[in-house]
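Asks: Sequence plus predicted model, see below.
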Amino acid sequence: MNIKLEQMPSKIEFQTIKLQKELSKKVISKNFLPKKIKTVCGVDVSYKENFAFCTAIIMNTSNLNIQETVRFSQKVSHPYIPGLFMLRESEPILNVLKKVKTDFDILLIDGHGKLHPRLCGIACYIGILANKPTIGVAKKILCGTVKADSKVEYNGKILGFELKNNKKKIYVSVGHKINLKSAIIIVKQLILEGKWYPEPLRLADSDSKIFKNDFCKVKNQKSNNTTHTKLGKYTKATDSISKV
């Protein structure tokens, strides 16, 4: 068997895998929901090189009006590794949640929950640390088989559900403090007609990209201003030499 060194898990990856296995035992797959769900928070992250741009959108469930938008950016040191998404994305998500002032009822994470090889995707990790009912919503399946009734089975257990909207698919799973049936119902209710993704996550995704693009524009402007300043100094120096 030929194994390339760059393909071998690093120490921190081994530690993360071990942590996922331990935390999977702490995931609560029962409802700890209020009698009436009033607010929901969706979080997503966009990237530019080694920078993460994270947005949290808090919405009122009755009319889907935005109650609060929070942004946070930071450097990230880990690449995207399937199954170890929490290594790259959990820190910016937790940091943006610390800045949220609205007390939301449910948290939606762009990523898997229990529908994960080690039963602990990023939605489980964030849900446990935030101690909030959390739902994982992913655009691609990571493990398991989609059955005829759209339930996703992995190792003999139903861990997720495939939702189809406008020919696109998303995968819903338990993050923490909610059961799969409730998670599916809530996600369905948050998808607007003609859309395919729950509104809090759709808007968080859109805003995180705007946040990223705005940052890049400012950075480029500063870079251009610095270049012009240097060129200006160089021109003045050349003029003075020519006069001598």
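Replies: Thanks, I have it.

Asks: okay, CA-based contacts and neighbour counts for the rest of this
Replies: Fine.

Asks: And the contacts of stretch 178-192?
Replies: Stretch 178-192 is contacted by residues 28-33, 61, 133-135, 159-161, 172-174, 197-200 when judged by Cα atoms under 8 Å, 6 or more residues apart in numbering.

Asks: From those residues, which land in helices?
Replies: E199, P200 (DSSP state H).

Asks: what sits against T39?
Replies: Here T39 is in contact with I58, M59, N60, T61, D103, F104, D105, I106 (Cα under 8 Å, 6+ apart).

Asks: Quick check: the two most widely separated of those residues?
Replies: Spatial extent of the contacts of T39 (Cα to Cα) is set by the pair T61 and D103 at 13.2 Å.

Asks: Between these two, which has more neighbouring residues?
Replies: Taking other Cα atoms under 10 Å, T61 and D103 do not tie; T61 has more neighbours (19 against 11).

Asks: Pretty sure G42 is one of the things the more buried one touches, is it not?
Replies: No - applying Cα atoms under 8 Å as the test, T61 and G42 come out as separate, 11.9 Å apart.

Asks: list the contacts for the nearest residue to K212 once chain neighbours are set aside?
Replies: Distances taken as Cα to Cα, 6 or more residues apart in numbering put F53 closest to K212, at 5.8 Å, once the chain neighbours are dropped. Shown in contact with F53 (Cα under 8 Å, 6+ apart): V45, S46, Y47, R71, F72, S73, Q74, P92, S208, K209, F211, K212.

Asks: Least confident secondary structure element in this protein?
Replies: helix 199-243 (a mean of 65; mean pLDDT, DSSP states H and E).

Asks: just the strands in this protein please.
Replies: Secondary structure of the chain (DSSP state E): strands located at 39-48, 51-60, 66-75, 106-110, 134-138, 145-146, 151-154, 157-165, 168-176.

Asks: so which of the ones you listed is the most packed in?
Replies: Greatest average neighbour count among the strands of the chain goes to strand 134-138 (a mean of 29), per mean count of other Cα atoms under 10 Å.

Asks: any low-confidence regions in the chain?
Replies: When residues are selected by pLDDT under 70, those of the chain lie in 1-10, 85, 219-244.

Asks: Put together a markdown table for the contacts of F53, with distance to K188 on each row.
Replies: Below are the contacts of F53 laid out as a markdown table (distance: Cα to Cα, whole Å):
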| residue | distance to K188 |
| --- | --- |
| V45 | 22 |
| S46 | 24 |
| Y47 | 28 |
| R71 | 26 |
| F72 | 28 |
| S73 | 30 |
| Q74 | 32 |
| P92 | 27 |
| S208 | 23 |
| K209 | 24 |
| F211 | 27 |
| K212 | 29 |
